[in-house]
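[1] fold the following and give me the result.
(one chain, ligands or ions: 2)
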Amino acid sequence: MSCPFNASSEDAASCSTSPRGISMLANNPWVIGALSLGITSLVLYHQFRRTRQLSKPALASSGKSPVEKGNATLDTQAKSACCAGTNPVSCACAKSPATFVLPQTVLDAHYQTPLKIFYGSQTGTAKLFAESLVKTLQARGIPVKTVDIADYDTEDFFTEKAVCLFLLSTYNVENPTDWFLKWLEDVRYDFRVAKGSLGELFFSVFGLGDSAYGEEYGFAGRCTDKWLGALGARRLYPLGEGDKNADQQASFNAWVDGIAATLVDAEAYTLAASRSDERLSDSENDEEEEDEAGQGVGQDVLGSGSDGEMVDLEDMGKVAHKIQKARVERAEDEAAYTAAEKSNQKSGRRVRRRAHRAIGENDPAPRAPRAMVSPMIHQSLTKQGYKVIGSHSGVKICRWTKSALRGRGFCYKHSFYGIQSHLCMETTPSLACANKCVFCWRHHTNPVGTEWRWQMDDPEFILEGALQNHYQMIKQLKGVPGVKAERFQEAFQAKHCALSLVGEPIMYPRINDFVRLLHSRGISSFLVTNAQFPDKIAEMEPVTQLYVSVDASTKESLKKVDRPLFRDFWERFLESLVQLRHKGQRTVYRLTLVKAFNTEELSNYVELVRRGRPEFIEVKGVTYCGFSAASSLTMENVPYHNEVIHFVEQLIEQLGSDEYEIACEHAHSCSVLVAHTKFKVQGQWHTWIDYDRFQSLAAKGEPFTSLDYMAPTPDWAIFGSDHHGFDPEETRFYRKKAQKKK
Ligand SMILES: Cc1cc2nc3c(=O)[nH]c(=O)nc-3n(C[C@H](O)[C@H](O)[C@H](O)COP(=O)(O)O)c2cc1C
Ligand code: SF4
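    Ligands and ions are numbered 1, 2, ... in the order given. Presented below is the predicted three-dimensional model:
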């Protein structure tokens, strides 16, 4: 092929701006073609910048668009062919540095090839993995550098000379990898970007995720692997995946072994390159066919997408073909995922199969049920003070238990319902739940899931384990200064069980057996569900008090606060409220107010109250659980007690009926109780519970209502009392700072 920039004896002229050179250029059809290519590229460049601005507004510009770089790649290919860099002075290709690293270069010097590890991480696992990979590779003499994907300018991919390894975690909520994925997807499906644009990139991907997310499992890793491949990048080593729900570290170690060996294996590069070359030659053939049909290779990248203004009417047919092809490909991929999402709950297994097919994997073999709590999760929960019982339950001592043992006051459940904290055990038969709430105490170290698919322990085993561990933790408080002997002894006979610690207790398939067992031991049951399992609520037998967490009042804010796993989380939430209404039990809405997240939209809360008609509404300011990379909460999001009261007063006003009133408060924990006025008997609030009466009613097995076991509330607990919900029998303890202030 003759070179358009042929370095003949007059080569200087061809590359200069001298009049002679210009006239020569003007007469050269190759040059005219190249110029028109350049002009169109410029226009496309502007279009592409607009796309990029949408996906990453603050991105520093390096002055070239992916499309332009795609063209530059083609351009440089042509230039390389003319002199292969042997004529650096005179050939046009010498004017700009070559952007290519030919496979041979990599083969010859792959030890010296800059190796980059890109990580996309929110809570730090992918970053930690990247750091450990750096150490492993450096120990083997492989130079390497890490790049936070959030700081990277994607345009550089089009000239990337490095071997790139990607460690990407998946999130179904906003996260640092979002914009990269969006950008890559856009480029991959943009018909203007040549298929082989990333032909110089050798890569391998390791995706981090959690299989509990079903079809969304490891989405970031899978898509990056797929889209890079589709853009011509050369897969050096297969996609690795680390499941948070299984042994993520072990999967990573195995992948590291594989990739580390591959990086120093010359044959691997040849193989990867040839695989990629095959694909490229396929696409070249396509283009030749198109050429015969009157669609030139040059024009292939010239057309415009949707703007219309860019496309010459004559070219419309050619461009339309490309657009249509890209659309069909994208639609096929999207359809596979959407179909999987829709049937999510109906058939988890079918969904997984489809999702795997969508990314070109074989049908995964069905797995035997395994323990919900993996060794990693066990370790993390234990560090946070949980005692793990068996394979899916947990117990933890609450700070109010310690406070009660020292006579320093009880929690709000004492003021509202007459529970003494040292007689109360907080436990859960399911550490897993279907949410990732921003205020979660567990800092998201727990397992998640939308259905029970783990091994299952017996209710007797769980209760025994919970009591044993609970009493063991109480025993350890024996030596704490101020512990009252009488309370210490009482504490070894738990009378209440708060099934609200963490996780979703209602997910445990034998929850009814467990609750019955509690009652048979004279232990009351306060069960909190997160309103994602309406069927389970319907199946629930009577508990002493049944709660539903109402974490937000609109679909958008519920997604923001609870970050639910279910796609149909809002429908499930609404249906849970309806089920609660039909229970005919003592029911409670628990509202946790998070300023700037869910304190607006009061009228929507009113609607929710009307829907579920709870007997009580507990409104509580969020408790700040400290910094967590998985949550953006700060102290700014914690409302003051008077803000909580203000919210509640407005809520009652907007409810516009005299059915609800503020009954109690516990200022100490920013909590207010709204109660149905049927619990106000002859002007006296009856929000407390006659626990013995409840036990005898439950034992009879006959229908009963909440009014059958109510008890009068003491004056000090009533809203407006000078005690603000603090039992006067207790000794209020002030920290030194607060004491001084007082
Ligand atoms: C709020 C939240 C949402 C998540 N969404 C997904 C998801 O959609 N798919 C998935 O596979 N994993 C999901 N995960 C699990 C994370 O990808 C997994 O825990 C990963 O190991 C975290 O890596 P990192 O620490 O590097 O951020 C989610 C985790 C959290 C906390
Ligand atoms: S539902 Fe409970 S356990 Fe689950 S994430 Fe929310 S706060 Fe944490």
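
[2] residues contacting whichever strand or helix holds residue 692, please?
    Per DSSP states H and E, residue 692 falls inside helix 691-700. Residues lying outside helix 691-700 but in contact with it, judged by Cβ atoms under 8 Å, 6 or more residues apart in numbering, are 418, 495-496, 519-520, 522, 524, 542, 544, 704, 708-709. No exception for glycine: its C-beta is placed from N, CA and C like everyone else's.

[3] if we go to 7 Å?
    Residues from elsewhere that reach helix 691-700, judged by Cβ atoms under 7 Å, 6 or more residues apart in numbering: 495, 519, 522, 524, 542, 544, 704, 708-709.

[4] same check on stretch 601-612?
    Stretch 601-612 is contacted from outside by 548, 550, 553-554, 557, 574, 577-578, 580-581, 589, 617, 650-651, 654-655, using Cβ under 7 Å, 6+ apart.

[5] tell me where the model's unsure across the stretch 51-200 of the chain.
    Applying pLDDT under 70 to the predicted model, the residue ranges of the stretch 51-200 of the chain that meet it are 51-113, 154-161, 191-192.

[6] which SS state does whichever residue of the stretch 151-300 of the chain sits closest to ligand 2 fall under?
    When distances are taken as Cβ to the nearest ligand atom, the stretch 151-300 of the chain approaches ligand 2 most closely through residue 212, which lies 11.7 Å from it. Following DSSP: H, G, I helix; E, B strand; the rest coil, we place residue 212 in the helix state.

[7] what does residue 558 give?
    The three-state assignment at residue 558 reads helix, by three-state DSSP.

[8] how about residue 428, what does it touch?
    With contacts taken as Cβ under 7 Å, 6+ apart, residue 428 has the following neighbours: 393-394, 499, 501-503, 505.

[9] same question, residue 509
    The contact partners of residue 509, taken as Cβ under 7 Å, 6+ apart, are 452, 456.

[10] please, which helix or strand holds it?
    Applying DSSP H and E as the criterion places residue 509 outside every helix and strand.

[11] separation between it and residue 433?
    As for residue 509, its distance to residue 433 is 15 Å (criterion: Cβ to Cβ, to the nearest Å).

[12] how about the residues of this structure near ligand 1?
    Near ligand 1, the residues belonging to the chain are 121-126, 169-173, 208-210, 213, 216-219, 244, 436, 444, 563, 630 when assessed by Cβ under 6 Å from any ligand atom.

[13] out of those residues, which sit inside strands?
    In strands, judged by DSSP state E, the following of these are found: 169, 208-209.

[14] hmm, the helix or strand hosting residue 535 touching ligand 2?
    Counting by DSSP H and E, the element that carries residue 535 is helix 534-539. No - contact of helix 534-539 with ligand 2 is not found when judged by Cβ under 6 Å from any ligand atom; the minimum separation is 13.9 Å.

[15] what is the helix or strand where residue 186 lies packed up against?
    Counting by DSSP H and E, the secondary-structure element that holds residue 186 is helix 178-189. With contacts taken as 3 or more Cβ pairs under 7 Å, 6 or more residues apart in numbering; DSSP states H and E, helix 178-189 sits against helix 29-55, helix 219-230, helix 316-342.

[16] could you pull up the residues touching residue 410?
    Applying Cβ under 7 Å, 6+ apart, the residues contacting residue 410 are 400, 404, 420-421, 727.

[17] at 8 Å what do you get?
    Contacts here follow Cβ under 8 Å, 6+ apart; on that basis residue 410 touches 400, 403-404, 419-421, 727, 730.

[18] dump the residue contacts of residue 397.
    Residue 397 makes contacts with 385, 426, 470, 473-474, as judged by Cβ under 8 Å, 6+ apart.

[19] which of those residues sit farthest apart?
    Of all pairs drawn from those, the one with the longest distance (Cβ to Cβ) is 385 and 474, at 13.7 Å.
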